[in-house]
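Peer 1: next one to model:
(2 chains)
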Amino acid sequence: MNADLRTRLGGCELPNPVVTAAGCAGAGRELAQFLDIASIGAVTTKSVMLEPHAGRPAPRMAETPSGMLSTTGMQGPGVDVFLQRDLPWLLSRGGRAIVSIAGTGVGEFGELARRVSAADGVSAVEVNLSCPDPSDPAGRRFADDPVRAAAVVSTVRSHTRSGLPVLAKLAADVPDVVELAAACVEARADGLSMVNTVRGMAVDPRTLRPAVAGGMGGLSGPAIRPLAVGCVYRVHEALPDVPVIGMGGIRTGADALEFMAAGARAVAVGTTNFSDPSACARVLRELTELLDARGVARAADVVGAAHRTGTGV
Amino acid sequence: MSDNGPVQARCPVLNVRRVDAYYAITVVAPGIAERFRPGQFVSVTVGGDHSSTLLRRPFAIHDVKPDYGGTVEFLFAVRGTGTAWLSERRSRDLLDVVGPLGRPFPLPRDPVNCVLVGGGSGSAPLFPLAQSLRRRGCRVDFVLGAASADRVFSAITARRVAETAVFTTDDGSFGTRGRVTDVLGRVIEECRSDAVYACGPMPMLRTVTAVAGGHGIPVQVAVEETMACGTGICMTCVIPVVGEDGITRMVRSCVDGPVFRGEQVRFDDVGTIPFDALGAPGWKGSSASRAAESARDIA
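Peer 2: Numbers count the residues shown, from 1 in each chain, chains lettered A, B, ... in the order given. Modelled structure (predicted):
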């Protein structure tokens, strides 16, 4: 028996629940050397900005226990080149695209949504709320203030054509992730991607200086998995009807199943793509085997299993 | 998934041996061996399936042989837990290897005189390069340097494949006391070199590029940057490089390199975002140059 893997995220249906996490797969071109990019649920493309960005200085990366710290500073070619070069390539290979957008302000998010929404073949728009809010005197991220996050989501929603789902990408290191999630849903997000990297620091033991330029970096990898699973669980508990893409340190099919039991309809593989370029295909295969071994007819049946009393699935 | 791109394979270890201060591991990897060109590298998982050390370690390919369908050898010094784990591998252990990665050294069309300059284990990719150059009828001369005698890499092999081989050590324990760049100018003149190939730490590559420039000959450098993925997706190994169009871009050492034309690397700005780099803060390309950028990226 093979489980029915189809997954609905708002108005879009993916053939299976395994996608890539933004910033961990480019636009699919590099990973396509190692797996059939059309075989996974979708590629979430690296957050694209309106203009080209050179990103942060080096060093941009430090390995940490069961994870890594990184700070690339949104290096990218800008939305024009993305829409003319990267997106068409991905679609031409049969891949599905969840396009992550990152604005330097609310207005820029709206413009990005308009441009991306006008392109053919996009499956969903993901809103990177971990960008710094230029109107905040302390330089906090949009995700740090549910009101500001909602303003971004609302603007993106109103600039995105109807039927194209808008997903809000949430930070985990906020006072109340459920409040942030509820604010985004209230602002008409069709779904939630959670979680982004968690801010952290490593100090170089030799120089006693921060190991990555700028001091703080985004922590990712299995080190943050229990934290991410906890966020998904709490949000699913509060908002059980809202589709969630769960992510944070997924390395195996069992890890993916854990996120689904906590309430995720889909799962994203992030940092593991760096160490294992065929990881998405492997995670999908392992997840399918686990579902089949449990006699699960539909992948959707395990979503939220951790919340149910009784025998479960 | 592609015929000439990199492949990922679980490769049996053929042997692990000590080479002076380094370790050399040979794995059976036919898919990598058949695609390999000098200058390319492999990335290797360390620590086993349940390791807390997630990232692959990149190593320049030192040798490929046709045995067992194709073997690949790489070298490393033990620097941390990952390389210590690798040094403890034994024959028939399996390693998850991805390769060959990166842009190889371009080879001259004509049989010209080439001087190959390396520092420490950074010399590793120069040996298969020397063989390729020799097969094209090029004259090969080596300049190899290291901190001390036990870190000068494969002196015997260098003497065998090259017309001449000059060695330098920081402590004078082998060859000339000093740096490779102290003797490079003299070697270029004596050997009537037409081109330089170099691999090693960034400060060395900067000086090698300056020496080659002073003699009016082209130089290809292979950089050694830290990287998380090696496949071009993580964007952590970027350095500022000037393109043919004169525009500086932050490019990935792993897929846009590791080999670059020396004069195109902005050595003095490595570790920074130069103010005039494409997309730097405040960067405003003219509409013409931005249109050109679009056209170039799409092409």
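
Peer 1: not counting its neighbours along the chain, what's nearest the residue in the stretch 51-200 of chain B positioned nearest to chain A?
Peer 2: Closest to chain A within the stretch 51-200 of chain B is residue B:52: 4.3 Å, counting by CB to the nearest CB. (Glycine included, C-beta is placed from N, CA and C.) Setting aside the residues directly before and after it, residue B:52 is nearest to residue A:66 in space (CB to CB, 6 or more residues apart in numbering or on different chains), at 4.3 Å.

Peer 1: which ones are touching the one you found?
Peer 2: Remark: with contacts taken as CB atoms under 8 Å, 6 or more residues apart in numbering or on different chains, residue A:66 is in contact with A:221, A:222, A:223, A:249, B:52, B:54.

Peer 1: returning to what we had before: assumed the residue of the stretch 51-200 of chain B closest to chain A was part of a strand.
Peer 2: No: going by DSSP: H, G, I helix; E, B strand; the rest coil, the assignment for residue B:52 is coil, not a strand.

Peer 1: okay, the residue positioned nearest the centre of chain B and chain A: tell me how far apart.
Peer 2: For chain B, residue B:222 is the residue whose C-alpha lies nearest the centre (CA atoms, centre = their mean; 3.9 Å). According to CB to the nearest CB, to the nearest Å, residue B:222 stands 17 Å off from chain A.

Peer 1: farthest pair in the contacts of residue A:66?
Peer 2: Pairwise distances across the contacts of residue A:66 peak at 11.4 Å for A:249 and B:52 (criterion: CB to CB).

Peer 1: touching both of these two, which residues are there?
Peer 2: The contact sets of residue A:249 and residue B:52 overlap at A:66, A:222 (CB under 8 Å, 6+ apart).

Peer 1: show me which of those two is the more surrounded one.
Peer 2: For residue A:249 versus residue B:52, neighbours defined as other CB atoms under 10 Å in any protein chain shown are more numerous around residue A:249 (25 against 14).

Peer 1: verify the stated contact: that one with residue A:197.
Peer 2: No: taking CB atoms under 8 Å as the definition, residue A:249 is not a contact partner of residue A:197, at 10.5 Å.

Peer 1: give me the common contacts of these two.
Peer 2: For the pair residue A:249 and residue A:197, residues contacting each of them under the criterion CB under 8 Å, 6+ apart are A:220, A:224.

Peer 1: for residue A:287, pull up the helix or strand it's in.
Peer 2: With elements delineated by DSSP states H and E, residue A:287 resides in helix A:279-293, which encompasses its position.

Peer 1: which residue packs closest to the residue of the stretch 151-300 of chain A found nearest chain B, ignoring adjacent ones?
Peer 2: Using CB to the nearest CB, the point where the stretch 151-300 of chain A gets nearest to chain B is residue A:274, with a distance of 3.8 Å. For residue A:274, the nearest residue in space outside its immediate sequence neighbours is residue B:229; the separation is 3.8 Å by CB to CB, 6+ apart.

Peer 1: can you give me the helices for the stretch 201-313 of chain A?
Peer 2: Across the stretch 201-313 of chain A, reading from the start of the chain, the helices by DSSP state H, counting those that start in this stretch fall at A:225-238, A:253-262, A:272-275, A:279-293.

Peer 1: return the residues of the stretch 151-300 of chain A in contact with chain B.
Peer 2: In this structure, the stretch 151-300 of chain A approaches chain B at residues A:213, A:221, A:222, A:271, A:272, A:273, A:274, A:275, A:276, A:277, A:278, judged by CB under 8 Å from any CB of the partner chain.

Peer 1: if we use 10 Å, what do you get?
Peer 2: Contact residues of the stretch 151-300 of chain A with respect to chain B, defined by CB under 10 Å from any CB of the partner chain, are listed as A:212-213, A:220-223, A:249, A:251-252, A:271-278, A:281.

Peer 1: from residue A:23, how far off is the residue nearest to residue A:274?
Peer 2: As defined by CB to CB, to the nearest Å, residue B:229 lies at a distance of 11 Å from residue A:23.

Peer 1: common neighbours of the two, please.
Peer 2: Taking CB atoms under 10 Å, 6 or more residues apart in numbering or on different chains as the contact rule, the neighbours common to residue B:229 and residue A:23 are A:271, A:273, B:235.

Peer 1: counting neighbours, which of those residues comes out on top?
Peer 2: For the shared contacts of residue B:229 and residue A:23, the largest number of neighbours (other CB under 10 Å) sits with residue A:271, at 33 neighbours.

Peer 1: now the element after the lengthiest strand in chain B, going C-ward?
Peer 2: Of all the segments of type strand in chain B, defined by DSSP state E, the longest one is strand B:7-19. With elements assigned by DSSP H and E, the helix or strand that comes after strand B:7-19 is strand B:22-28.

Peer 1: relative orientation of that next one and strand B:7-19 in degrees?
Peer 2: Here strand B:22-28 runs at 140 degrees with respect to strand B:7-19, directions being taken by axes from the mean of the first three to the mean of the last three CA atoms, to 10 degrees.

Peer 1: and stretch A:215-234, end to end?
Peer 2: For stretch A:215-234, the first-to-last residue distance is 31 Å (CA to CA, to the nearest Å).

Peer 1: which residues of chain B score low on pLDDT?
Peer 2: For chain B, the stretches with pLDDT under 70 are B:1-3, B:284-299.

Peer 1: helices of that one, start to end?
Peer 2: Ranges of helices in chain B, per DSSP state H, are B:30-35, B:81-87, B:126-135, B:155-161, B:180-190, B:202-214, B:287-298.

Peer 1: could you export the ones you listed as TSV, including distance to residue B:256 and mean neighbour count?
Peer 2: Compiled in TSV, the helices of chain B are given as follows (distance: least, CB to CB, whole Å; neighbours: other CB atoms under 10 Å in any protein chain shown):
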stretch	distance to residue B:256	mean neighbour count
helix B:30-35	18	20
helix B:81-87	25	17
helix B:126-135	19	21
helix B:155-161	29	15
helix B:180-190	25	18
helix B:202-214	16	19
helix B:287-298	13	14
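
Peer 1: thinking again about what came up before, list the contacts for the residue of the stretch 151-300 of chain A closest to chain B?
Peer 2: By CB under 10 Å, 6+ apart, the residues touching residue A:274 are A:24-25, A:61, A:68, A:70, A:220-221, B:43, B:54-56, B:227-231, B:233-234, B:236.

Peer 1: quick one, strands of the stretch 101-250 of chain A?
Peer 2: A:122-128, A:166-170, A:191-194, A:198-200, A:217-220, A:244-247 (DSSP state E, counting those that start in this stretch).

Peer 1: swap in the stretch 51-200 of chain B?
Peer 2: B:57-65, B:71-76, B:94-101, B:113-119, B:139-146, B:164-169, B:176-177, B:195-199.

Peer 1: kind regards, and thank you for your time.
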